[in-house]
Structure formats: structure tokens, C-alpha cells
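Asks: This is a predicted model, with the sequence first.
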Amino acid sequence: MKKINLAVTGFMGRMGQQLIKTSKKNKNFKLVSITENKIINKKIMGIKPSLNNKYAFKNTNVIIDFTVPKCTLEVLKIASKLKKRVVIGTTGFTRREENIIKKYSKKIPILKAGNMSLGVNLLMYLTEITSRSLNSNFLSKVFETHHKNKKDYPSGTALMLGKGIAVGKNKNLYKLIGKKYLNRKSFPYSKKINFNSIRKGLVVGKHEVSFSSGKEAVTLNHEAFDRALFSEGALTAAKWLMRKKPGLYSMRDVLNFK
């Protein structure tokens, strides 16, 4: 089987480094390009780093991007011209940026996920089912913990889970988003969805969705222990995307959750 030529953007970042390490062990991929937002004159694993441009992505089949929204949109602009597939693990997009991504997906296949983990995507699926099954007496909230260097909050995964609650209620997430707390020991339920984000230590990721009627509570949770599970998920997504036509896909499509 011919290997898939892979490009990794933001290779100096936490996930960029993990993707390089994981791709080297995966027989389906050949890492051919790594990019960063500054010029680096030394080779990394035999590859000369580049800025994001058409020459960096010319010989790639798929680009995996775990960076920041501004960089992701820059990558998509180039990828759409070159007709390259893109897997997006970046989080923190505004509604306007989300709409721009949708426009690009009409030209190229894009898979976007706030979290590449099998377990988290199963958690989102279960969140939808739980939200749909419980009556309007149940209020909900989302709690998450990540390492101290993570800047955006709520995390992309927390917002995914919020979307799961909204879908279960057949409502729009943006109309249900309540207060966004940071580093609170406790936070209240609300008729909207409140979020609490903890940033500390080297925590890979913890997420919890809670529903309460005041008389009883239902809690769903997931904890990640190894960052490799995200890079492995991203490579699984990249391989799956190779067979797809232009469109905007998610890990739910990859995992075939109905």
C-alpha cells in the first residue's frame, strides 16, 4: 500500500511534537513536511521546517493542524488552492471563523474535531442521548481540566459536550451557552449551560457533564492519561479522510456513531 504523504503544522507545539513521534511509528504515513510560524534553519528528523506556504504543502496528501485559529485559516486558504485534505484539531474558533471553515469545506475535504479521542466522542454521543432522555426539569453543566499552558476556555472538547446537550434538546448551542468560569472550585447549574475550566499542572484532559433535577443527578465523564491517543486519533481521521469528497466531517463520522 502506498504511504500517505503527511504535513504537520505547528510542529514545535505540544501536539505537533506528538504527531511527529506517532507518525514515525505508523506504516500508513510518510512525514514529508513540517511547518511553524517562524524560520528554523536546522533539519528536524531529516526534514527542513518551513513557513505555511504552497511549497510546504505541494507534495502532501493531507495536512494535520493543531495550532491556533489564525494559523488554521491560513493553512485552509493554501490547502483549498492546492486541493489538499485537512484534519483540524485546533480549538477556540469564533462563529465567524467556523463559517469560514464551512466555506472551505465546499472545496476540499475537512475533518474538524475538538477532540480526536474515541472515548470523548463516545462521551459526546452519550451526552446527546442523556440530554434527549431527561425531561426539562434537569439542568446541565460542563466541567473540564487541562494543563496550565492551555489558553482557550472552555476547551473545544467542553464545547463539543455542550453541543451534545444542545442537540439532545434540539436547540442551538450558541443560544444555550451560559456563564464561562475559570478555576472555580464549584459552579452552579443553570437553565443555560454553564462551563467551568480548570488550568493546572500537566493534566492531559478531564471532562465531565452533569445533569440535575435537584432530586437526583446524572454524571458522565472521561479522563485522558496519554497525549498519544489524540495523535493516533488524528492519524486515523487523516487516513479515513483520504477516501472522502469535499465536505465538513467529524470524528463521529469516522467512528460511525449514528
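Replies: Great, that's in hand.
Asks: For the rest of this, base every contact and every neighbour count on C-alpha atoms.
Replies: Noted.
Asks: Now residue 187: closest residue in space that isn't a chain neighbour?
Replies: Excluding the flanking residues, the one nearest residue 187 by C-alpha to C-alpha, 6 or more residues apart in numbering is residue 196, at 6.9 Å.
Asks: Tell me who's in contact with the one you found.
Replies: Going by C-alpha atoms under 8 Å, 6 or more residues apart in numbering, residue 196 touches 142-144, 154, 180-184, 187.
Asks: in the stretch 51-200 of the chain, which spans are helices?
Replies: 54-57, 69-82, 95-104, 118-133, 156-168, 173-176 (DSSP state H, counting those that start in this stretch).
Asks: Mark which of the contacts of residue 196 are buried, thanks.
Replies: Burial by neighbour count, 16 or more other C-alpha atoms under 10 Å: within these this picks out 142-144, 154, 181-182, 187.
Asks: Flag the shaky bits of this protein, pLDDT-wise.
Replies: Counting by pLDDT under 70, the chain shows low-confidence ranges at 1, 258.
Asks: where along it do the strands fall?
Replies: In the chain, the segments counted as strands under DSSP state E are 4-9, 29-34, 62-65, 85-88, 109-112, 139-146, 177-182, 193-199, 205-212, 217-224, 247-249.
Asks: was I right about residue 59 contacting residue 5?
Replies: Yes: between residue 59 and residue 5 there is a contact at 7.1 Å, judged by C-alpha atoms under 8 Å.
Asks: Pull up the overlap in contacts between these two.
Replies: In contact with both residue 59 and residue 5: residue 32, using C-alpha under 8 Å, 6+ apart.
Asks: related to what we said a few turns ago, got a markdown table for the helices of the stretch 51-200 of the chain, with mean neighbour count and distance to residue 253 too?
Replies: Formatted as a markdown table, the helices of the stretch 51-200 of the chain follow (neighbours: other C-alpha atoms under 10 Å; distance: least, C-alpha to C-alpha, whole Å):
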| stretch | mean neighbour count | distance to residue 253 |
| --- | --- | --- |
| helix 54-57 | 18 | 25 |
| helix 69-82 | 18 | 21 |
| helix 95-104 | 14 | 16 |
| helix 118-133 | 19 | 10 |
| helix 156-168 | 23 | 14 |
| helix 173-176 | 15 | 20 |
